[in-house]
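next input, structure requested:
(one chain, ligands or ions: 1)
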Amino acid sequence: MTALPPMPGNVVRVYPASGAVAMLPLTPANNYTPTILFCGGSDMPDEAWGNYAFPAIDTWEYPASKDCQRITPEPMDGSPVAYIQDDNMLEGRTMGQFIILPNGKLLVVNGGLNGTAGYSQQTGMTPTFGQMPFGESLASGPVGTPAIYDPNAPSGSRWSNQGLSTSNIARLYHSSAILLPDASVLIAGSNPNIDVNTSTIYPTTYQAEIFYPPYFSASIRPQPSGMPKIISYGGDLFNITVPSSSYTGVSNDAAANTTVVLVRGGFTTHAMNMGQRFLQLNNTYTVQDDGTIILHVAQAPPNPYVFQPGPAFLYVVIDGIPSNGSYVIVGNGQIGPQPTSPSSVLPDNILSSRTGGSAGGSGESSGNIDNSSSSNGGVSTGAVVGGVVGGLALLAIIAAGGIFFLRKRRSSTSKRGTFPQRPSYSAPSRGGPGYSLAANSSNVNFSSAGAPAATAAVFGPRGHMMAPSDSSSLIPLNQETKGPGWNALGDPSMSMAYKDDSRTSVGDQSGLGGYPMQEVHYDPYARDTGSGQNRF
Ligand SMILES: [Cu+2]
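Next comes the predicted model:
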(Lines give C-alpha, C1' and ligand atoms only; values in the text may rest on other atoms or scores of the structure.)
Protein backbone atom coordinates (compact mmCIF):
# COMPACT_ATOMS: atom_id res chain seq x y z
CA MET A 1 0.00 0.00 0.00
CA THR A 2 1.17 3.48 -0.82
CA ALA A 3 -0.09 6.34 1.28
CA LEU A 4 -1.06 9.23 -0.94
CA PRO A 5 -0.49 12.81 0.14
CA PRO A 6 -3.40 15.19 0.78
CA MET A 7 -4.69 17.18 -2.15
CA PRO A 8 -2.90 20.54 -2.28
CA GLY A 9 -5.03 23.52 -1.46
CA ASN A 10 -7.75 21.33 -0.01
CA VAL A 11 -9.40 21.25 -3.40
CA VAL A 12 -12.16 18.68 -3.37
CA ARG A 13 -12.38 16.73 -6.62
CA VAL A 14 -15.04 14.17 -5.77
CA TYR A 15 -18.78 14.68 -6.02
CA PRO A 16 -20.32 17.14 -5.44
CA ALA A 17 -17.27 19.35 -5.97
CA SER A 18 -16.83 17.27 -9.09
CA GLY A 19 -13.48 18.12 -10.54
CA ALA A 20 -12.50 16.74 -13.91
CA VAL A 21 -10.34 13.64 -13.50
CA ALA A 22 -8.60 11.39 -16.00
CA MET A 23 -5.63 9.13 -16.39
CA LEU A 24 -3.13 10.61 -18.82
CA PRO A 25 -2.23 8.57 -21.88
CA LEU A 26 -0.19 5.46 -21.23
CA THR A 27 2.62 5.49 -23.75
CA PRO A 28 5.88 3.73 -24.51
CA ALA A 29 7.58 7.03 -23.69
CA ASN A 30 6.25 7.01 -20.14
CA ASN A 31 6.62 3.24 -19.93
CA TYR A 32 2.86 2.93 -19.41
CA THR A 33 3.13 4.58 -16.02
CA PRO A 34 -0.26 5.81 -14.82
CA THR A 35 -0.52 9.48 -13.99
CA ILE A 36 -3.81 10.96 -12.86
CA LEU A 37 -4.81 14.52 -13.67
CA PHE A 38 -7.23 16.45 -11.47
CA CYS A 39 -8.66 19.78 -12.59
CA GLY A 40 -11.23 21.98 -10.97
CA GLY A 41 -13.72 21.11 -8.32
CA SER A 42 -14.04 23.30 -5.28
CA ASP A 43 -12.04 24.43 -2.31
CA MET A 44 -15.10 25.29 -0.30
CA PRO A 45 -14.24 24.95 3.39
CA ASP A 46 -15.44 21.91 5.25
CA GLU A 47 -18.22 23.71 7.07
CA ALA A 48 -19.68 24.97 3.80
CA TRP A 49 -20.65 21.52 2.62
CA GLY A 50 -23.58 21.33 4.98
CA ASN A 51 -25.45 18.49 6.50
CA TYR A 52 -26.01 16.02 3.66
CA ALA A 53 -29.41 17.58 3.01
CA PHE A 54 -28.22 20.86 1.60
CA PRO A 55 -25.07 22.97 1.63
CA ALA A 56 -24.49 25.51 4.36
CA ILE A 57 -23.62 28.30 1.95
CA ASP A 58 -24.99 29.65 -1.29
CA THR A 59 -22.73 27.52 -3.40
CA TRP A 60 -23.62 29.28 -6.65
CA GLU A 61 -21.70 32.30 -5.40
CA TYR A 62 -18.57 30.33 -4.59
CA PRO A 63 -16.12 30.18 -7.50
CA ALA A 64 -15.12 26.73 -8.64
CA SER A 65 -11.44 25.85 -8.65
CA LYS A 66 -9.25 26.21 -11.70
CA ASP A 67 -6.42 24.33 -10.03
CA CYS A 68 -4.87 21.27 -11.72
CA GLN A 69 -2.67 18.66 -10.07
CA ARG A 70 -1.00 15.54 -11.37
CA ILE A 71 -0.05 12.52 -9.36
CA THR A 72 1.86 9.41 -10.34
CA PRO A 73 0.93 6.89 -7.67
CA GLU A 74 3.72 4.47 -8.58
CA PRO A 75 6.72 6.48 -9.78
CA MET A 76 9.05 4.43 -11.92
CA ASP A 77 12.10 5.77 -10.18
CA GLY A 78 10.81 4.95 -6.75
CA SER A 79 10.63 8.59 -5.76
CA PRO A 80 8.09 9.68 -3.15
CA VAL A 81 4.53 10.00 -4.33
CA ALA A 82 3.65 13.66 -4.62
CA TYR A 83 1.20 15.92 -6.32
CA ILE A 84 2.72 18.07 -9.01
CA GLN A 85 1.24 21.49 -9.66
CA ASP A 86 -0.02 21.69 -13.21
CA ASP A 87 -1.24 24.58 -15.30
CA ASN A 88 -4.46 26.14 -14.11
CA MET A 89 -7.48 25.73 -16.31
CA LEU A 90 -8.52 28.81 -18.23
CA GLU A 91 -11.49 29.20 -15.93
CA GLY A 92 -12.77 27.53 -12.80
CA ARG A 93 -15.00 24.54 -13.39
CA THR A 94 -17.14 22.29 -11.33
CA MET A 95 -18.51 19.28 -13.18
CA GLY A 96 -15.96 19.63 -15.94
CA GLN A 97 -15.42 16.36 -17.77
CA PHE A 98 -12.27 15.05 -19.41
CA ILE A 99 -12.46 13.24 -22.71
CA ILE A 100 -9.18 11.77 -23.95
CA LEU A 101 -8.91 12.41 -27.66
CA PRO A 102 -7.10 10.01 -29.99
CA ASN A 103 -4.32 12.56 -30.45
CA GLY A 104 -3.45 12.20 -26.78
CA LYS A 105 -4.86 15.54 -25.72
CA LEU A 106 -7.59 15.93 -23.15
CA LEU A 107 -10.77 17.80 -23.91
CA VAL A 108 -12.66 19.29 -20.99
CA VAL A 109 -16.32 20.08 -21.52
CA ASN A 110 -19.40 21.09 -19.58
CA GLY A 111 -19.65 22.31 -16.02
CA GLY A 112 -20.01 25.61 -14.25
CA LEU A 113 -17.93 28.51 -13.06
CA ASN A 114 -19.38 28.46 -9.59
CA GLY A 115 -20.80 26.09 -7.04
CA THR A 116 -21.17 22.35 -6.98
CA ALA A 117 -23.03 19.42 -8.41
CA GLY A 118 -26.23 18.25 -6.80
CA TYR A 119 -29.44 20.13 -6.35
CA SER A 120 -31.45 21.40 -3.49
CA GLN A 121 -34.39 23.59 -2.63
CA GLN A 122 -32.64 25.47 0.10
CA THR A 123 -29.25 26.15 1.62
CA GLY A 124 -28.14 27.16 5.06
CA MET A 125 -28.20 30.75 3.89
CA THR A 126 -31.26 30.63 1.66
CA PRO A 127 -34.02 28.86 3.53
CA THR A 128 -36.77 29.00 0.95
CA PHE A 129 -36.81 27.78 -2.60
CA GLY A 130 -38.37 30.96 -3.89
CA GLN A 131 -35.23 32.84 -2.93
CA MET A 132 -32.88 30.54 -4.79
CA PRO A 133 -31.67 32.47 -7.82
CA PHE A 134 -30.95 29.46 -9.99
CA GLY A 135 -33.82 27.22 -9.07
CA GLU A 136 -32.63 23.92 -7.71
CA SER A 137 -29.19 24.39 -9.19
CA LEU A 138 -26.32 24.61 -6.76
CA ALA A 139 -24.06 25.75 -9.58
CA SER A 140 -24.12 28.84 -11.74
CA GLY A 141 -22.29 30.16 -14.74
CA PRO A 142 -22.38 27.24 -17.15
CA VAL A 143 -19.15 27.05 -19.14
CA GLY A 144 -20.08 26.49 -22.74
CA THR A 145 -16.60 26.66 -24.20
CA PRO A 146 -14.52 23.49 -24.17
CA ALA A 147 -10.80 23.64 -23.57
CA ILE A 148 -8.02 21.30 -24.61
CA TYR A 149 -5.11 20.21 -22.46
CA ASP A 150 -1.90 18.96 -23.99
CA PRO A 151 -0.06 16.85 -21.44
CA ASN A 152 3.16 17.05 -23.44
CA ALA A 153 3.22 20.81 -23.91
CA PRO A 154 5.65 22.82 -21.80
CA SER A 155 4.34 23.84 -18.44
CA GLY A 156 2.51 27.12 -18.78
CA SER A 157 1.13 26.39 -22.22
CA ARG A 158 -0.89 23.25 -21.79
CA TRP A 159 -4.37 24.76 -21.97
CA SER A 160 -6.06 26.33 -24.94
CA ASN A 161 -9.57 27.10 -26.06
CA GLN A 162 -8.52 29.08 -29.09
CA GLY A 163 -10.93 28.66 -31.94
CA LEU A 164 -13.26 26.38 -30.01
CA SER A 165 -16.91 27.18 -30.39
CA THR A 166 -19.28 27.63 -27.52
CA SER A 167 -22.44 25.76 -26.69
CA ASN A 168 -25.33 27.80 -25.39
CA ILE A 169 -26.80 24.86 -23.56
CA ALA A 170 -26.24 24.82 -19.82
CA ARG A 171 -24.78 21.45 -19.02
CA LEU A 172 -24.36 21.16 -15.30
CA TYR A 173 -25.41 18.34 -13.00
CA HIS A 174 -26.03 15.11 -14.90
CA SER A 175 -24.29 16.35 -18.00
CA SER A 176 -22.22 13.90 -19.92
CA ALA A 177 -19.85 13.35 -22.82
CA ILE A 178 -18.09 10.51 -24.57
CA LEU A 179 -15.68 10.02 -27.46
CA LEU A 180 -17.31 8.66 -30.60
CA PRO A 181 -15.67 6.27 -33.03
CA ASP A 182 -15.10 9.00 -35.59
CA ALA A 183 -13.11 10.95 -32.98
CA SER A 184 -15.82 13.52 -32.36
CA VAL A 185 -17.40 13.87 -28.94
CA LEU A 186 -21.05 13.38 -28.02
CA ILE A 187 -22.21 15.86 -25.41
CA ALA A 188 -25.51 15.47 -23.65
CA GLY A 189 -27.31 15.90 -20.38
CA SER A 190 -28.36 19.11 -18.83
CA ASN A 191 -29.39 20.12 -15.45
CA PRO A 192 -29.82 19.91 -11.78
CA ASN A 193 -33.53 19.62 -11.27
CA ILE A 194 -35.30 17.03 -9.23
CA ASP A 195 -37.28 16.07 -12.27
CA VAL A 196 -37.84 17.27 -15.80
CA ASN A 197 -38.13 21.02 -15.69
CA THR A 198 -38.12 22.87 -18.96
CA SER A 199 -38.96 26.29 -17.59
CA THR A 200 -36.33 26.87 -14.94
CA ILE A 201 -33.27 28.99 -15.61
CA TYR A 202 -31.09 26.00 -16.47
CA PRO A 203 -33.73 23.79 -17.95
CA THR A 204 -33.87 20.12 -18.69
CA THR A 205 -33.12 19.51 -22.33
CA TYR A 206 -32.70 16.42 -24.45
CA GLN A 207 -30.60 18.22 -26.99
CA ALA A 208 -27.38 16.39 -27.61
CA GLU A 209 -24.42 18.00 -29.31
CA ILE A 210 -21.47 16.71 -31.22
CA PHE A 211 -18.19 18.49 -30.65
CA TYR A 212 -15.71 18.27 -33.49
CA PRO A 213 -12.15 18.78 -32.24
CA PRO A 214 -9.73 20.84 -34.33
CA TYR A 215 -8.45 17.82 -36.26
CA PHE A 216 -11.76 17.79 -38.10
CA SER A 217 -10.50 20.76 -40.05
CA ALA A 218 -7.99 18.46 -41.77
CA SER A 219 -8.74 17.96 -45.42
CA ILE A 220 -7.96 14.27 -45.27
CA ARG A 221 -7.58 11.75 -42.51
CA PRO A 222 -5.67 8.48 -42.32
CA GLN A 223 -7.41 5.55 -43.95
CA PRO A 224 -5.65 2.54 -42.51
CA SER A 225 -6.31 -1.00 -43.66
CA GLY A 226 -5.41 -4.20 -41.92
CA MET A 227 -6.80 -3.08 -38.59
CA PRO A 228 -7.15 -6.12 -36.34
CA LYS A 229 -10.33 -7.13 -34.56
CA ILE A 230 -8.56 -8.43 -31.48
CA ILE A 231 -5.64 -7.01 -29.54
CA SER A 232 -3.81 -9.49 -27.36
CA TYR A 233 -1.54 -8.99 -24.38
CA GLY A 234 1.79 -9.51 -26.08
CA GLY A 235 2.28 -11.80 -29.03
CA ASP A 236 2.90 -11.36 -32.71
CA LEU A 237 2.94 -7.92 -34.26
CA PHE A 238 0.41 -6.89 -36.89
CA ASN A 239 0.80 -4.65 -39.91
CA ILE A 240 -1.39 -1.71 -40.80
CA THR A 241 -1.18 -0.09 -44.22
CA VAL A 242 -1.72 3.63 -44.67
CA PRO A 243 -2.00 4.78 -48.29
CA SER A 244 -0.23 7.93 -49.34
CA SER A 245 -3.52 9.47 -50.33
CA SER A 246 -4.65 9.70 -46.72
CA TYR A 247 -2.02 11.96 -45.24
CA THR A 248 -0.16 15.07 -46.19
CA GLY A 249 3.48 16.01 -46.01
CA VAL A 250 6.73 14.18 -46.48
CA SER A 251 6.20 10.44 -46.14
CA ASN A 252 9.15 9.73 -43.89
CA ASP A 253 8.16 12.55 -41.59
CA ALA A 254 4.55 11.43 -41.50
CA ALA A 255 5.61 7.91 -40.59
CA ALA A 256 7.75 9.23 -37.79
CA ASN A 257 4.78 11.21 -36.50
CA THR A 258 2.37 8.31 -36.51
CA THR A 259 0.91 6.66 -33.45
CA VAL A 260 -1.43 3.70 -33.09
CA VAL A 261 -3.61 4.11 -30.05
CA LEU A 262 -6.23 2.20 -28.13
CA VAL A 263 -8.91 4.38 -26.59
CA ARG A 264 -11.69 3.26 -24.33
CA GLY A 265 -14.25 5.94 -23.65
CA GLY A 266 -15.41 4.29 -20.49
CA PHE A 267 -18.78 4.57 -18.84
CA THR A 268 -19.95 8.09 -18.36
CA THR A 269 -22.14 9.70 -15.78
CA HIS A 270 -21.88 12.66 -13.42
CA ALA A 271 -19.22 14.34 -15.55
CA MET A 272 -16.76 11.51 -15.42
CA ASN A 273 -15.84 8.51 -17.52
CA MET A 274 -15.20 5.44 -15.46
CA GLY A 275 -12.65 3.20 -17.07
CA GLN A 276 -11.64 5.78 -19.64
CA ARG A 277 -8.21 4.83 -20.85
CA PHE A 278 -5.72 5.62 -23.58
CA LEU A 279 -2.82 3.39 -24.52
CA GLN A 280 -0.35 3.95 -27.32
CA LEU A 281 0.85 0.74 -28.89
CA ASN A 282 4.47 0.43 -29.82
CA ASN A 283 5.15 0.61 -33.52
CA THR A 284 7.81 0.86 -36.16
CA TYR A 285 7.28 1.47 -39.86
CA THR A 286 8.34 0.86 -43.40
CA VAL A 287 7.89 3.73 -45.82
CA GLN A 288 7.55 2.63 -49.40
CA ASP A 289 8.69 4.80 -52.28
CA ASP A 290 5.11 5.41 -53.38
CA GLY A 291 4.39 6.94 -50.00
CA THR A 292 2.58 3.95 -48.57
CA ILE A 293 3.34 3.57 -44.90
CA ILE A 294 3.38 0.09 -43.43
CA LEU A 295 3.04 0.26 -39.68
CA HIS A 296 4.45 -2.65 -37.69
CA VAL A 297 2.42 -2.58 -34.52
CA ALA A 298 2.97 -4.35 -31.24
CA GLN A 299 0.15 -5.95 -29.35
CA ALA A 300 -0.80 -4.43 -26.01
CA PRO A 301 1.78 -4.79 -23.26
CA PRO A 302 1.61 -8.26 -21.72
CA ASN A 303 -0.06 -6.98 -18.60
CA PRO A 304 -3.88 -6.89 -18.51
CA TYR A 305 -3.83 -4.38 -15.66
CA VAL A 306 -2.47 -1.68 -17.92
CA PHE A 307 -5.41 -1.79 -20.30
CA GLN A 308 -8.13 -4.02 -18.96
CA PRO A 309 -9.81 -6.53 -21.28
CA GLY A 310 -12.82 -5.48 -23.24
CA PRO A 311 -13.87 -3.29 -26.13
CA ALA A 312 -11.93 -0.30 -27.35
CA PHE A 313 -11.34 1.71 -30.47
CA LEU A 314 -8.09 1.55 -32.36
CA TYR A 315 -6.96 4.72 -34.11
CA VAL A 316 -4.08 5.52 -36.38
CA VAL A 317 -3.00 9.09 -35.76
CA ILE A 318 -0.72 10.91 -38.19
CA ASP A 319 0.52 14.37 -37.30
CA GLY A 320 -2.24 14.58 -34.74
CA ILE A 321 -4.99 13.67 -37.18
CA PRO A 322 -6.81 10.47 -36.25
CA SER A 323 -8.38 7.90 -38.50
CA ASN A 324 -11.80 6.64 -37.70
CA GLY A 325 -11.68 4.28 -34.79
CA SER A 326 -11.84 0.58 -35.50
CA TYR A 327 -13.70 -1.50 -32.97
CA VAL A 328 -11.47 -4.04 -31.28
CA ILE A 329 -11.64 -6.41 -28.36
CA VAL A 330 -8.65 -6.28 -26.08
CA GLY A 331 -7.85 -9.61 -24.51
CA ASN A 332 -9.89 -12.76 -24.89
CA GLY A 333 -13.26 -11.09 -24.55
CA GLN A 334 -13.92 -12.79 -21.24
CA ILE A 335 -13.92 -11.53 -17.71
CA GLY A 336 -11.18 -13.26 -15.82
CA PRO A 337 -7.54 -14.18 -16.20
CA GLN A 338 -6.12 -13.13 -19.51
CA PRO A 339 -3.61 -15.01 -21.61
CA THR A 340 -0.36 -13.16 -22.11
CA SER A 341 2.59 -13.65 -24.42
CA PRO A 342 6.00 -12.04 -24.59
CA SER A 343 6.07 -8.48 -25.88
CA SER A 344 5.89 -8.15 -29.63
CA VAL A 345 9.24 -7.89 -31.36
CA LEU A 346 9.24 -5.20 -34.01
CA PRO A 347 11.51 -4.76 -37.03
CA ASP A 348 13.57 -1.64 -37.48
CA ASN A 349 12.18 1.39 -39.22
CA ILE A 350 12.79 1.54 -42.95
CA LEU A 351 12.57 4.94 -44.57
CA SER A 352 11.83 5.66 -48.18
CA SER A 353 14.76 6.81 -50.27
CA ARG A 354 12.44 9.41 -51.70
CA THR A 355 11.83 12.51 -49.71
CA GLY A 356 8.69 13.35 -51.59
CA GLY A 357 5.37 13.62 -49.96
CA SER A 358 2.05 11.95 -50.26
CA ALA A 359 -0.55 12.65 -52.89
CA GLY A 360 -1.72 15.60 -50.88
CA GLY A 361 1.73 16.55 -49.79
CA SER A 362 3.76 19.61 -50.35
CA GLY A 363 6.14 17.87 -52.72
CA GLU A 364 9.26 19.46 -51.39
CA SER A 365 11.55 17.13 -53.29
CA SER A 366 14.12 19.55 -54.61
CA GLY A 367 17.45 17.95 -54.00
CA ASN A 368 18.28 16.64 -50.60
CA ILE A 369 17.64 13.10 -51.62
CA ASP A 370 18.44 10.58 -49.01
CA ASN A 371 19.68 7.61 -50.94
CA SER A 372 20.52 5.50 -47.99
CA SER A 373 17.29 3.62 -47.52
CA SER A 374 18.11 4.01 -43.94
CA SER A 375 16.90 2.01 -41.06
CA ASN A 376 16.44 3.50 -37.70
CA GLY A 377 16.37 0.91 -35.01
CA GLY A 378 15.59 1.43 -31.43
CA VAL A 379 12.20 0.26 -30.35
CA SER A 380 11.57 0.84 -26.74
CA THR A 381 9.46 -2.02 -25.63
CA GLY A 382 10.29 -1.36 -22.07
CA ALA A 383 9.20 -3.26 -19.08
CA VAL A 384 5.63 -2.83 -18.07
CA VAL A 385 4.46 -1.90 -14.66
CA GLY A 386 1.02 -2.35 -13.27
CA GLY A 387 -1.70 0.16 -13.88
CA VAL A 388 -3.70 -1.02 -10.95
CA VAL A 389 -3.29 2.06 -8.85
CA GLY A 390 -4.78 4.32 -11.43
CA GLY A 391 -7.83 2.13 -11.66
CA LEU A 392 -8.17 2.09 -7.94
CA ALA A 393 -7.93 5.84 -7.80
CA LEU A 394 -10.87 6.09 -10.14
CA LEU A 395 -12.82 3.58 -8.12
CA ALA A 396 -12.11 5.55 -5.01
CA ILE A 397 -13.49 8.61 -6.63
CA ILE A 398 -16.64 6.79 -7.53
CA ALA A 399 -17.04 5.35 -4.10
CA ALA A 400 -16.49 8.70 -2.49
CA GLY A 401 -19.08 10.25 -4.75
CA GLY A 402 -22.01 8.65 -3.11
CA ILE A 403 -25.07 10.64 -2.42
CA PHE A 404 -24.23 13.92 -0.91
CA PHE A 405 -27.15 16.19 -1.04
CA LEU A 406 -30.06 13.95 -0.37
CA ARG A 407 -32.63 14.06 -3.03
CA LYS A 408 -36.00 15.36 -2.14
CA ARG A 409 -38.69 12.81 -2.32
CA ARG A 410 -39.84 12.41 -5.85
CA SER A 411 -43.38 12.11 -4.60
CA SER A 412 -43.48 15.72 -3.59
CA THR A 413 -44.96 16.83 -6.86
CA SER A 414 -47.76 18.80 -5.33
CA LYS A 415 -45.30 20.68 -3.23
CA ARG A 416 -43.15 21.39 -6.21
CA GLY A 417 -46.12 22.77 -8.03
CA THR A 418 -46.22 25.66 -5.62
CA PHE A 419 -42.71 26.74 -6.34
CA PRO A 420 -42.44 29.94 -8.30
CA GLN A 421 -41.20 29.49 -11.80
CA ARG A 422 -38.39 31.52 -13.20
CA PRO A 423 -39.99 33.88 -15.67
CA SER A 424 -36.82 34.96 -17.35
CA TYR A 425 -36.05 31.85 -19.29
CA SER A 426 -36.44 31.82 -23.02
CA ALA A 427 -35.47 28.90 -25.16
CA PRO A 428 -31.84 29.04 -26.21
CA SER A 429 -31.34 29.46 -29.89
CA ARG A 430 -28.37 29.48 -32.13
CA GLY A 431 -29.16 32.96 -33.23
CA GLY A 432 -28.41 34.42 -29.87
CA PRO A 433 -28.35 33.59 -26.25
CA GLY A 434 -31.71 33.15 -24.66
CA TYR A 435 -30.12 33.76 -21.34
CA SER A 436 -26.69 34.39 -20.08
CA LEU A 437 -25.07 31.09 -19.36
CA ALA A 438 -22.38 32.63 -17.30
CA ALA A 439 -23.17 34.29 -14.04
CA ASN A 440 -19.90 36.06 -14.53
CA SER A 441 -20.52 37.19 -18.04
CA SER A 442 -17.03 38.50 -18.49
CA ASN A 443 -15.73 34.98 -18.43
CA VAL A 444 -17.84 33.54 -21.17
CA ASN A 445 -19.05 35.27 -24.24
CA PHE A 446 -21.84 33.43 -25.92
CA SER A 447 -22.39 35.75 -28.81
CA SER A 448 -20.94 34.75 -32.10
CA ALA A 449 -19.73 38.27 -32.48
CA GLY A 450 -17.49 37.63 -29.54
CA ALA A 451 -15.48 35.03 -31.39
CA PRO A 452 -12.01 36.19 -32.24
CA ALA A 453 -11.78 37.55 -35.73
CA ALA A 454 -8.89 35.27 -36.41
CA THR A 455 -11.12 32.32 -35.79
CA ALA A 456 -13.36 33.02 -38.70
CA ALA A 457 -10.46 33.92 -40.91
CA VAL A 458 -8.50 30.79 -40.21
CA PHE A 459 -11.20 28.25 -39.95
CA GLY A 460 -13.86 29.82 -42.06
CA PRO A 461 -17.55 29.78 -41.50
CA ARG A 462 -18.82 26.67 -39.87
CA GLY A 463 -20.64 25.51 -42.94
CA HIS A 464 -17.56 25.62 -45.06
CA MET A 465 -15.36 24.07 -42.50
CA MET A 466 -17.71 21.24 -41.86
CA ALA A 467 -18.52 20.50 -45.45
CA PRO A 468 -15.95 17.73 -45.71
CA SER A 469 -16.59 16.50 -42.22
CA ASP A 470 -18.76 13.84 -40.78
CA SER A 471 -21.63 15.66 -39.22
CA SER A 472 -23.74 12.54 -39.27
CA SER A 473 -23.18 12.74 -35.63
CA LEU A 474 -25.54 10.16 -34.32
CA ILE A 475 -24.73 7.36 -36.67
CA PRO A 476 -22.71 5.64 -33.97
CA LEU A 477 -25.85 5.27 -31.92
CA ASN A 478 -27.43 3.06 -34.55
CA GLN A 479 -25.45 -0.02 -35.27
CA GLU A 480 -27.37 -0.96 -38.37
CA THR A 481 -26.60 2.30 -40.09
CA LYS A 482 -23.83 2.64 -42.55
CA GLY A 483 -21.54 4.87 -40.60
CA PRO A 484 -17.91 4.01 -40.16
CA GLY A 485 -17.96 4.07 -36.43
CA TRP A 486 -19.55 0.73 -35.71
CA ASN A 487 -17.42 -1.21 -38.06
CA ALA A 488 -16.92 -4.05 -35.69
CA LEU A 489 -15.82 -6.36 -38.43
CA GLY A 490 -12.43 -4.93 -39.14
CA ASP A 491 -11.09 -2.09 -41.14
CA PRO A 492 -12.66 1.29 -40.67
CA SER A 493 -14.32 1.91 -43.96
CA MET A 494 -13.84 5.50 -44.84
CA SER A 495 -16.28 5.43 -47.68
CA MET A 496 -19.00 6.96 -45.60
CA ALA A 497 -16.91 9.38 -43.65
CA TYR A 498 -17.25 13.09 -43.78
CA LYS A 499 -20.71 13.19 -45.21
CA ASP A 500 -23.79 14.69 -43.73
CA ASP A 501 -26.47 12.21 -42.96
CA SER A 502 -29.73 13.64 -44.18
CA ARG A 503 -31.66 11.60 -41.67
CA THR A 504 -30.37 13.53 -38.75
CA SER A 505 -31.88 16.81 -37.81
CA VAL A 506 -29.01 19.15 -37.39
CA GLY A 507 -29.57 22.59 -36.03
CA ASP A 508 -28.71 25.79 -37.77
CA GLN A 509 -24.97 26.07 -37.65
CA SER A 510 -24.67 29.48 -39.18
CA GLY A 511 -23.10 32.37 -37.49
CA LEU A 512 -20.83 30.54 -35.12
CA GLY A 513 -17.13 30.65 -35.68
CA GLY A 514 -14.51 28.23 -34.60
CA TYR A 515 -14.84 24.53 -34.23
CA PRO A 516 -18.34 23.34 -34.45
CA MET A 517 -20.65 22.20 -31.78
CA GLN A 518 -23.51 20.55 -33.53
CA GLU A 519 -26.91 20.33 -32.08
CA VAL A 520 -29.12 17.33 -32.45
CA HIS A 521 -32.64 17.16 -31.20
CA TYR A 522 -33.63 14.03 -29.41
CA ASP A 523 -37.19 13.22 -28.52
CA PRO A 524 -37.33 10.30 -26.11
CA TYR A 525 -41.08 10.12 -26.39
CA ALA A 526 -41.21 9.80 -30.14
CA ARG A 527 -42.66 6.56 -31.41
CA ASP A 528 -39.87 4.02 -31.55
CA THR A 529 -39.82 2.10 -34.78
CA GLY A 530 -37.07 -0.11 -33.53
CA SER A 531 -34.11 1.71 -34.89
CA GLY A 532 -34.45 4.68 -32.61
CA GLN A 533 -33.64 6.84 -35.58
CA ASN A 534 -36.98 8.60 -35.64
CA ARG A 535 -36.32 10.01 -32.23
CA PHE A 536 -33.76 12.39 -33.61
CU1 LIG B 1 -26.79 12.44 -9.74
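
pLDDT weak spots in the protein?
356-536 (pLDDT under 70).

now the helices for it?
According to DSSP state H, the chain carries its helices in the segments 251-256, 388-401, 413-416, 453-459, 462-466.

count of neighbours near residue 11?
When neighbours are counted by other CB atoms under 10 Å, residue 11 registers 21. (Glycine included, C-beta is placed from N, CA and C.)

need the contact list for it.
17, 19, 38, 41-43, 65, 67, 69 (CB atoms under 8 Å, 6 or more residues apart in numbering).

which one of the residues you listed is nearest to residue 312?
residue 38 (23.9 Å; CB to CB).

OK, contacts around the closest one?
7, 11, 13, 19-21, 68-71.

cutoff 10 Å now
Residue 38 sits next to 7-8, 11, 13-14, 19-22, 65, 67-71, 83, 86, 98, 393, 397 when contact means CB atoms under 10 Å, 6 or more residues apart in numbering.

quick one: buried ones out of those?
Taking 16 or more other CB atoms under 10 Å as the criterion, what is buried in the contacts of residue 38 is 7, 11, 13-14, 19-22, 65, 67-71, 83, 86, 98, 393, 397.

show me those that map onto strands.
Using DSSP state E, the members of the buried ones among the contacts of residue 38 that fall within strands are 20-22, 68-71, 83, 86, 98.

out of those residues, name the two that are farthest from one another.
Pairwise over these, using CB to CB, the maximum falls at 83 and 98, 17.1 Å.

count the neighbours of residue 335 for me.
10.

and the one 10 residues further on, by the same measure?
A total of 11 residues lie near residue 345 under the criterion other CB under 10 Å.

I'd like the numbering to begin with 24 instead of 1 from here.
Okay, using 24 as the starting number, the last item reads as residue 368.

with residue 305 as the reference, measure out to it.
10 Å (CB to CB, to the nearest Å).

same question for residue 291.
From residue 291 to residue 305 the distance is 29 Å (CB to CB).

who touches residue 173 in this structure?
110, 126-129, 180-183 are the contacts of residue 173 under CB under 10 Å, 6+ apart.

buried ones among these?
110, 126-129, 181-182.

so which of those residues sit within strands?
129, 182.

for residue 107, which non-adjacent residue is closest in space?
In this structure, residue 107 finds its nearest non-sequential neighbour in residue 93, 4.6 Å apart by CB to CB, 6 or more residues apart in numbering.

pretty sure residue 256 is touching residue 327, no?
Yes - using CB atoms under 10 Å, residue 256 is in contact with residue 327, at 5.6 Å.

who's more crowded, these two?
residue 256 (23 against 20).

report the beta-bridge partner residues of the more buried one.
When bridges are called by DSSP bridges, residue 256 pairs up with residue 323, residue 363.

any idea how far residue 324 is from it?
7 Å.

and what of residue 74?
Using CB to CB, residue 74 is found at 47 Å from residue 324.

what values do phi and psi take at residue 124?
With angles defined as degrees, to the nearest 10, residue 124 sits at phi -90, psi 160.

looking at it, residue 57 is touching residue 47, isn't it?
Yes - contact status for residue 57 versus residue 47: in contact at 7.8 Å, counting by CB under 10 Å.

what about the nearest residue to residue 223 once chain neighbours are set aside, neighbour count?
Leaving aside its sequence neighbours, residue 223 sits nearest to residue 158 (CB to CB, 6+ apart; 3.9 Å). When neighbours are defined as other CB under 10 Å, residue 158 has 24 of them.

now swap in residue 72 and tell me
Neighbour number of residue 72 under other CB under 10 Å is 20.

same check on the one 10 residues further on?
The local packing count at residue 82 equals 32, with neighbours defined by other CB under 10 Å.
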